[in-house]
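# My questions concern the predicted model and sequence given below.
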2 protein chains.
Amino acid sequence: MNNSPKAVKLQSVTSACQLCHARELCMASCLNENELERFDNIVGHRSPMERGERLFMAGEKIKSIYVLHSGSVKTYIESVNGDNQITGFHFPGDVIGIHGVENKVHTDTVEALETSSVCELRFDNLEAIVETFPSLQQELMRYVFREMNHEQEQLMVLGKLTADRRLAHFLLDISSRLKDHGLSESKFNLMMTRNDIANYLGLAIETVSRVLTRFQKQEIIEVDRRSVHIRDFSRLRAVYQDADLATDNTSCSA
Amino acid sequence: MNNSPKAVKLQSVTSACQLCHARELCMASCLNENELERFDNIVGHRSPMERGERLFMAGEKIKSIYVLHSGSVKTYIESVNGDNQITGFHFPGDVIGIHGVENKVHTDTVEALETSSVCELRFDNLEAIVETFPSLQQELMRYVFREMNHEQEQLMVLGKLTADRRLAHFLLDISSRLKDHGLSESKFNLMMTRNDIANYLGLAIETVSRVLTRFQKQEIIEVDRRSVHIRDFSRLRAVYQDADLATDNTSCSA
DNA sequence: GGCGAAATTTGACCTGGATCAAGGCATCGA
DNA sequence: TCGATGCCTTGATCCAGGTCAAATTTCGCC
């Protein structure tokens, strides 16, 4: 009856959602077993996106909203004269495509940073869905507000912080979010280019490169292309907080 | 029976909401006459705030959310080391205090820019209220998403634009919002200090001052303390769009 | 395995806007 | 009328980070 190639049938496991590795991070985590099974029937799946592939673009009519299932994506809005502004990086469980629901037109573009897949909720059922699962609506809203606060924090980053502090904040933010996903908070691979980081932080790519190598010289982090190892969290936090006790160690060999 | 000093009783006018000058801008605009009357009974009112007075502060438990009834306010979040980041300026009809509903704790502080008043919706009834008035929930969400998009646009402003372009965008934004409120889009009074503008735009106060006087010399605007007159919208837009055709006219007397 | 494009790093130099300093000008309370 | 105070402007100087240029590494792809 179920023709999904990956379908598994056990006594209590009847839905892909139940087997999902991102289950606790998904907004569907608020549903009970019974609800989850019904929810699973509604959710659509798409063939995975390759790096650089776009899920949707700003200006397109909203046909669905999505939950990132695996991989990672960046979202960006178009600036007046061509160059875009990256507004966020997203990991499994994150809701994608809710900006723009007001006018039913996407305001941002979503692009895969690596091979990624999403679960799809058709927009025209969305109201029916949240009516069927009231707790889902609440969970969705929790997500929206969390994102809103993250964006406000980013306003502070862009409005007030020096390049050093921006990078420190960025690394700590990525680290903490990866930790939430059960990954190491101290050793990880960045999934975005230096260009993406620079764009997101309102800096030049050269500045990003220079600050990272300086952090390395100061033995706060080790960095080799995409791989990052945070060696001294307290000093990294000190840089972010502008506490001054994290400087030096640059060129003065003791 | 109604001891409000300003109460007016006509055949069809039975609620303060019906007389409200900000009625079309309020989220209650989605309610019909009957609903509006019932809604009016739920809404609380507060004595007006004076300039500088705070409605609530970051960290406080959320007891209510508000709709700005008259005046104007700024919202700001606290930065790590003291200096705040203004996240927005708000006008009548704007919803205040929805950030932070996730954890039921305010994430931002709201401060009156002039004598202002708000309508209050107690947070513990909020769920009951939106159940009673389903269209209200939708309207509230529309507001949230609009605000979210405004914040994303501000990320672009802070991440990508030069000082000139930030000021141009700021003036155009304020102008368009005042227009929505039935006020002149070309002549208006700023309700915030230069310091507030500088903080909001991630600039030094001196830069704000200098750019505004330069715009004046270029005959794009006239500005005298708080009063602004936009004389040439197309050139102001050109500055925002970095179109270059708006420069000169600075010191070269023809 | 080698070619070409893309990503990253590093150095040299320059500039937009910050910082420092000082003065002007409304508003307000006594 | 007179400080006192807060807000704003203007000038001089400085520097964090942008821009330009070039070398190096990596990686997809034939």
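The structure has been received and is ready for your questions. Numbering: from 1, shown residues only, chains lettered A, B, ... in the order given.
# residue nearest the centroid of chain A?
residue A:90 (1.4 Å; C-alpha atoms, centre = their mean).
# Give me the nearest residue to that one, chain neighbours excluded.
residue A:73 (5.0 Å; C-beta to C-beta, 6 or more residues apart in numbering or on different chains). From N, CA and C alone the C-beta is placed, and that goes for glycine too.
# Where do the strands of the stretch 151-254 of chain A begin and end?
A:187-189, A:221-224, A:227-230 (DSSP state E, counting those that start in this stretch).
# Export these as TSV, with columns for mean neighbour count, distance to residue B:54 and mean pLDDT.
Listed next are the strands of the stretch 151-254 of chain A as TSV, based on neighbours: other C-beta atoms under 10 Å in any protein chain shown; distance: least, C-beta to C-beta, whole Å; pLDDT from 0 to 100:
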stretch	mean neighbour count	distance to residue B:54	mean pLDDT
strand A:187-189	15	40	94
strand A:221-224	15	40	94
strand A:227-230	16	38	95
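# So for residue B:131, which of those sits nearest?
With C-beta to C-beta as the criterion, residue B:131 lies closest to strand A:187-189 of these, at 43.3 Å.
# show me the contacts for the residue of the stretch 1-150 of chain A found nearest DNA strand C.
Taking C-beta to the nearest atom of the strand, DNA strand C has its nearest neighbour within the stretch 1-150 of chain A at residue A:52, 8.4 Å off. Neighbouring residues of residue A:52 by C-beta atoms under 8 Å, 6 or more residues apart in numbering or on different chains: A:111, A:112.
# Kindly state the pLDDT recorded for it?
We have a pLDDT of 91 for residue A:52.
# now residue A:11
47.
# re the thing from before, specify the beta-bridge partners of the residue nearest to residue A:90.
For residue A:73, the beta-bridge partners under DSSP bridges are residue A:90, residue A:112.
# Check the contact between the residue nearest to the centre of chain A and residue A:66; I expect there is one.
No - look at residue A:90 against residue A:66 with C-beta atoms under 8 Å: they stay out of range, at 9.9 Å.
# what is in contact with those two at once?
Overlap of the contact sets of residue A:90 and residue A:66 (by C-beta under 8 Å, 6+ apart) consists of residue A:96.
# What sits closest to residue A:99 if chain neighbours are left out?
residue A:107 (4.8 Å).
# doesn't residue A:100 make contact with the one you found?
Yes - counting by C-beta under 8 Å, residue A:100 is a contact partner of residue A:107 at 4.1 Å.
# Residues that sit against both of the two, list them.
residue B:149.
# ok so, going back, helix, strand or coil for the residue of the stretch 1-150 of chain A closest to DNA strand C?
Three-state assignment for residue A:52 (DSSP: H, G, I helix; E, B strand; the rest coil): coil.
# helices and strands around the lowest-mean-pLDDT helix or strand in chain A, which ones?
Taking mean pLDDT, DSSP states H and E as the measure, chain A has helix A:16-19 as its least confident helix or strand, at a mean of 80. For helix A:16-19, the elements it packs on are helix A:33-42, judged by 3 or more C-beta pairs under 8 Å, 6 or more residues apart in numbering or on different chains; DSSP states H and E.
# Skip ahead from the helix it packs on and say which helix or strand is next.
Toward the C-terminus, helix A:33-42 is succeeded by strand A:44-45 as the next helix or strand (DSSP states H and E).
# Can you list the strands that the following helix or strand past that following strand pairs with?
Per DSSP H and E, the first helix or strand lying C-terminal to strand A:44-45 is strand A:54-56. Strand A:54-56 pairs in its sheet with strand A:109-112 (antiparallel), by DSSP bridges.
# So the partner strand, near DNA strand C or not?
No - between strand A:109-112 and DNA strand C, judged by C-beta under 7 Å from any atom of the strand, nothing touches; the nearest distance is 11.7 Å.
# ok, that strand near DNA strand D or not?
No - if you take C-beta under 7 Å from any atom of the strand as the test, strand A:109-112 misses DNA strand D, and the best it gets is 14.2 Å.
# Other residues contacting that strand?
Contacts for strand A:109-112 (C-beta under 8 Å, 6+ apart): A:49-58, A:71-78, A:84, A:96-97.
# circling back: identify each buried residue in the least confident helix or strand of chain A, please.
By neighbour count with 16 or more other C-beta atoms under 10 Å in any protein chain shown, helix A:16-19 contains the buried residues A:16, A:17, A:18.
# Tell me the one among the residues you listed nearest to chain B.
residue A:17 (23.4 Å; C-beta to the nearest C-beta).
# Okay, helices next: where are they in the stretch 51-200 of chain A?
For the stretch 51-200 of chain A, applying DSSP state H, counting those that start in this stretch gives helices covering A:123-132, A:134-160, A:163-180, A:194-201.
# Out of these, which is closest to chain B?
Chain B lies closest to helix A:134-160 among the helices of the stretch 51-200 of chain A, at 3.6 Å (C-beta to the nearest C-beta).
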